[in-house]
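Chemist: give me the fold of what follows.
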Amino acid sequence: ERPPVVVASSLGGHIAMLAALRSPSAFAGLQLVSPGGLHRPPLATRMMARAYYSERSILKRGDDDIVSNSRKIFARASEQRERLIARKLTVHRSPLRQTFARPFSRVVDDVFNHPVASRVHKLKLPVSFVHGQKDPIVPIGPCERAARRAGARFLLLADIGHLPMVEATDSFARLVFDFASEVGA
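Modeler: Numbers count the residues shown, from 1 in each chain. Got it, this is the predicted structure:
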């Protein structure tokens, strides 16, 4: 049986790269969507992100903050954006928030403590990088440079924010299908 093509976004992209560096044969390919850990941001940015994504801060966060920050990751208003915000609020208001906060804050720390930019060229499998042109979370430059270092394709999606799979569902599905077809999955 052939290993899967993994599509991973943001913090999940960071985790997928670490896993592929450790066990490349576990993957047929990686399609990375605005993955984290491709650069080491300035200290002030790291400290601000760690404070914002600390377990304590996540648990204290109010509904208005969830809504405001969720809206910022999209390039434009849409029905999909509002549905995602509603889901995030449901999780935020539930006991699941407790089970989410600690591991999420640890992954954020890991992105800052173990950037993969210097090792991305060691990914020994097909890789494709996808990035939204208006992504406010992950800068375009580090993603584009990582793609070059890895000898991978870099796809920039015009007028899209941090979640192309939500903002441009059909286009994104085609990209995933095309990549999976290319790698023979």
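Chemist: which stretches of this structure form strands?
Modeler: Read by DSSP state E, the chain holds these strands, from start to end of the chain: 5-9, 29-33, 127-132, 153-157.
Chemist: angle of the second one against strand 153-157?
Modeler: Using axes from the mean of the first three to the mean of the last three Cα atoms, to 10 degrees, the inter-axis angle of strand 29-33 relative to strand 153-157 is 30 degrees.
Chemist: mind jotting down where the helices sit in the protein?
Modeler: With DSSP state H as the criterion, the chain has helices at 11-22, 43-52, 55-60, 63-72, 79-92, 96-113, 140-150, 164-167, 169-182.
Chemist: mind listing residues that contact the third one?
Modeler: The set of residues that contact helix 55-60 without belonging to it, under Cβ atoms under 8 Å, 6 or more residues apart in numbering, is 51, 97-98, 100-102, 104-105. C-beta: built from backbone N, CA, C; applies to glycine.
Chemist: now for those residues: which two are most distant?
Modeler: In terms of Cβ to Cβ, the contacts of helix 55-60 reach their longest pairwise distance at 51 and 98, which sit 19.4 Å apart.
Chemist: I'd like to know which of the helices of the chain lies nearest to residue 126.
Modeler: When these are compared by Cβ to Cβ, helix 169-182 sits nearest residue 126, at 7.1 Å.
Chemist: between strand 5-9 and the closest one, find me the angle.
Modeler: 140 degrees.
Chemist: got the CA coordinates for helix 169-182 in CSV?
Modeler: C-alpha atoms of helix 169-182 as CSV (Å, rounded to 0.1, in the frame of the first residue of the first chain):
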residue,chain,number,x,y,z
THR,A,169,-12.6,25.7,-2.0
ASP,A,170,-12.9,24.6,-5.6
SER,A,171,-9.5,26.0,-6.7
PHE,A,172,-7.8,24.6,-3.7
ALA,A,173,-9.4,21.1,-4.3
ARG,A,174,-8.1,21.2,-7.9
LEU,A,175,-4.6,22.0,-6.6
VAL,A,176,-4.7,19.1,-4.2
PHE,A,177,-6.0,16.7,-6.8
ASP,A,178,-3.4,17.8,-9.4
PHE,A,179,-0.6,17.4,-6.9
ALA,A,180,-1.8,14.0,-5.7
SER,A,181,-2.1,12.9,-9.4
GLU,A,182,1.4,14.1,-10.1
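Chemist: now render the strands of the chain as JSON lines, adding mean pLDDT.
Modeler: Formatted as JSON lines, these follow (pLDDT from 0 to 100):
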{"stretch": "strand 5-9", "mean pLDDT": "96"}
{"stretch": "strand 29-33", "mean pLDDT": "97"}
{"stretch": "strand 127-132", "mean pLDDT": "96"}
{"stretch": "strand 153-157", "mean pLDDT": "96"}
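Chemist: how about these, which one is nearest residue 93?
Modeler: Residue 93 sits nearest to strand 5-9 of all the strands of the chain, at 23.8 Å, using Cβ to Cβ.
Chemist: walk me through which strands that closest one pairs with, and which way each runs.
Modeler: Within its sheet, strand 5-9 is paired with strand 29-33 (parallel), according to DSSP bridges.
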